[in-house]
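1. sequence and predicted model, in that order:
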Amino acid sequence: MSNFSTALVTGANKGIGRHIAQQLAAAGLQVYVGSRNLANGSAAAAEIGSGARAIQLDVTDQASIDAAAAAVPSLDVLVNNAGIIVDGAAPPDATLDAFRRTYETNLFAVLAVTNAFLPALRHSPNPRIVNISSGTGSLTWSAEGGQFQTGGSGAAYRSSKTALNALTLFYAQALPDFRVNALAPGLRRTDLNPRAAAADGDPAEAAEAAVRLALLPDDGPTGRFHHYDGTPAPW
């Protein structure tokens, strides 16, 4: 763990992101708790305690991203956790606005945040990027016979995570000195949508998987899609 000293987690004031920040702080890292609302982030950081520091970061606002990046001179770990579900429509019933809003947070923001923090990550001898994806973004699991073959419902969210998986792979190829991976966290009890709010899955378990990827050794995998249980997830 001594090779890692600083981490930033987006959307870290609640849900899986908060648990990731808490577990990284418990591992001895200084963790920036990224939150669109600074008051919410400050409350989460206070609850996490020593090692946690709130930072205002709206991942859909370039000015906010740039200000946060300017405040973080060096960074070992970036966890792109922030994500949204706008609706559960299948493509015939979907709107362009729903797709655009979903992709703005789940895909374009990851590109904007990652690129803004690359200078800080390049100061690290062990840079790590973890993108919180979704098993529903797996084309294999979404195809006929797969566990998420549901008639195309949730197309905006699911396809945004498919695109995020591709972006993860391309970052890994472009940054061979980094470890860049995507995680399928499983359905967790969060406020992502009503189904998640009623779920039994413990968000702390998903966070443990994200932290394992955040603290990978130098010979660890990169450019992979991982299930939370440690097994490979199919593209």
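-> It's in.
2. now do the contacts for P221.
-> Shown in contact with P221 (Cβ atoms under 8 Å, 6 or more residues apart in numbering): 179, 181. Glycine gets a C-beta too; all of them are placed from N, C-alpha and C.
3. again, but for the one 4 residues further on
-> Listed by Cβ under 8 Å, 6+ apart, the contact set of F225 reads 133, 138, 165, 168, 181-184, 232-235.
4. state the distance from it to N106.
-> Plainly put, F225 is 15 Å away from N106 if you go by Cβ to Cβ, to the nearest Å.
5. now do G88
-> G88 is 14 Å from N106, where distance means Cβ to Cβ.
6. neighbour count winner among the two?
-> Just comparing G88 and N106: by other Cβ atoms under 10 Å the higher neighbour count belongs to N106, 29 against 18.
7. name the helix or strand for the residue nearest to the more buried one when sequence neighbours are not counted, please.
-> In space, and not counting its chain neighbours, N106 is closest to S160: 3.8 Å by Cβ to Cβ, 6 or more residues apart in numbering. Assigned by DSSP states H and E, S160 falls within helix 155-174.
8. now do that helix, average pLDDT.
-> Average pLDDT, helix 155-174: 98.
9. which elements pack onto the next helix or strand after it?
-> Using DSSP H and E, the next helix or strand after helix 155-174 towards the C-terminus is strand 179-184. Packing contacts for strand 179-184, counted by 3 or more Cβ pairs under 8 Å, 6 or more residues apart in numbering; DSSP states H and E, involve strand 128-132, helix 155-174, helix 203-214, strand 224-227.
10. from those, which stretch is densest packed?
-> strand 128-132 (a mean of 27; mean count of other Cβ atoms under 10 Å).
11. list of residues touching the helix or strand following it?
-> Going down the chain from strand 128-132, the next helix or strand is helix 139-142, by DSSP H and E. Outside of helix 139-142, the residues within contact range by Cβ under 8 Å, 6+ apart are 135-136, 146-150, 158, 162, 233-235.
12. before we move on, what about stretch 156-167?
-> For stretch 156-167, the surrounding residues in contact (Cβ under 8 Å, 6+ apart) are 84-89, 94, 98-99, 102-103, 106-107, 110-111, 131, 133-134, 136-139, 142, 148, 182, 225, 235.
13. buried among those residues? Make that a ChimeraX selection.
-> In ChimeraX, a selection of the buried entries from the contacts of stretch 156-167 looks like this (16 or more other Cβ atoms under 10 Å):
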select :84,85,86,87,88,89,94,98,99,102,103,106,107,110,131,133,134,136,137,138,142,148,182,225
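14. what about the residue sitting furthest away from the middle of the chain, which SS state?
-> Each residue of the chain has a distance to the centre, and by Cα atoms, centre = their mean the biggest one is for P92: 28.5 Å. Here P92 is recorded as helix under DSSP: H, G, I helix; E, B strand; the rest coil.
15. quick one: A174 and Y228, what's the gap?
-> The gap separating A174 from Y228 is 26 Å, by Cβ to Cβ.
16. report the contact partners of the residue nearest the centre of the chain.
-> A centroid search over the chain (Cα atoms, centre = their mean) returns N81, at 2.5 Å, as the residue closest to the centre. Counting by Cβ under 8 Å, 6+ apart, N81 touches 9-12, 16-17, 20, 132, 210.
17. do that again at 7 Å, thanks
-> The contact partners of N81, taken as Cβ atoms under 7 Å, 6 or more residues apart in numbering, are 9-12, 16-17, 20, 132.
18. same check, this time on A7
-> Taking Cβ under 7 Å, 6+ apart as the test, what A7 contacts is 24, 29, 31, 76-77, 79, 214.
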